[in-house]
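> Model the structure of this input:
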Amino acid sequence: MLHLHTISVAFAAAVGAALLALPGLTESPKVAAPPRTAREVRGATPYAQIENEPAPKLIVDDPLPDLLDKGVVWIQYRTENVRIVPVFGKGALSVSPRVGHLHVRVDDLPWLWADASDLNTVDIAGMPPGEHKVLIELADADHQVFPGQSKTVKFTVPKTASASH
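Predicted structure coming up:
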């Protein structure tokens, strides 16, 4: 005959083993990392001059494939150590943090456009079918390209693309 004490001990042992098998009960609690500061995420404040600013950098992705078959090209980009703003001229060269804009040239045409919108995407519509290339350059406020900060993106618009969007 089982004693009540033996049943209680066996029951407690079974419950304890079951609880230990549950995920997360035997692990030490995880401490959430502190949130990143605004400066870490967004960069320096535009109100303070930056001593010895690091060189500007342009990062350009390949075109998004979503609308190439309709002749629409979206090329995402980002910059480091330069703010893309609609400020131009020699006087803006001494602004800190540094300011600039993009020069965008399609298929070696003799003209280009300046993009100071900082929307993080170059948007070109009405591209005809075939192979194309887009040159994106990071330029200072006086339209001088920062050394080494240009990227050519090559892509093909499918033959099924329409000339209108």
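
> Lys159 contacts Pro128, doesn't it?
No. The pair Lys159 and Pro128 does not pass the contact test of CB atoms under 8 Å, sitting 9.8 Å apart. C-beta coordinates here come from the backbone N, C-alpha and C atoms, glycine included.

> Those two: which has the busier surroundings?
Ranked by neighbour count (other CB atoms under 10 Å), Lys159 and Pro128 place Pro128 first, with 12 against 9.

> Quick one: the helices in this structure, in order.
4-21, 38-42 (DSSP state H).

> and the ones you listed, which one's lowest on average pLDDT?
Here the lowest mean pLDDT among the helices of the chain goes to helix 4-21, at a mean of 54.

> Give me the most central residue, this protein.
Arg78 (5.7 Å; CA atoms, centre = their mean).

> what's the neighbour count on the nearest residue to it once chain neighbours are set aside?
Leaving aside its chain neighbours, Arg78 sits nearest to Ile59 (5.0 Å; criterion: CB to CB, 6 or more residues apart in numbering). Neighbourhood size, Ile59 [other CB under 10 Å]: 12.

> quick one: contacts for Ile59?
Tyr77, Arg78, Thr79, Glu80 (CB atoms under 8 Å, 6 or more residues apart in numbering).

> Quick check: PyMOL command selecting the buried ones in these.
Buried members of the contacts of Ile59, defined by 16 or more other CB atoms under 10 Å, are picked up in PyMOL with:
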select buried, resi 77+79
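
> need the contacts of Ile59 in TSV with distance to Asp118 and pLDDT, can you?
Below are the contacts of Ile59 laid out as TSV (distance: CB to CB, whole Å; pLDDT from 0 to 100):
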residue	distance to Asp118	pLDDT
Tyr77	10	97
Arg78	10	96
Thr79	8	96
Glu80	13	94
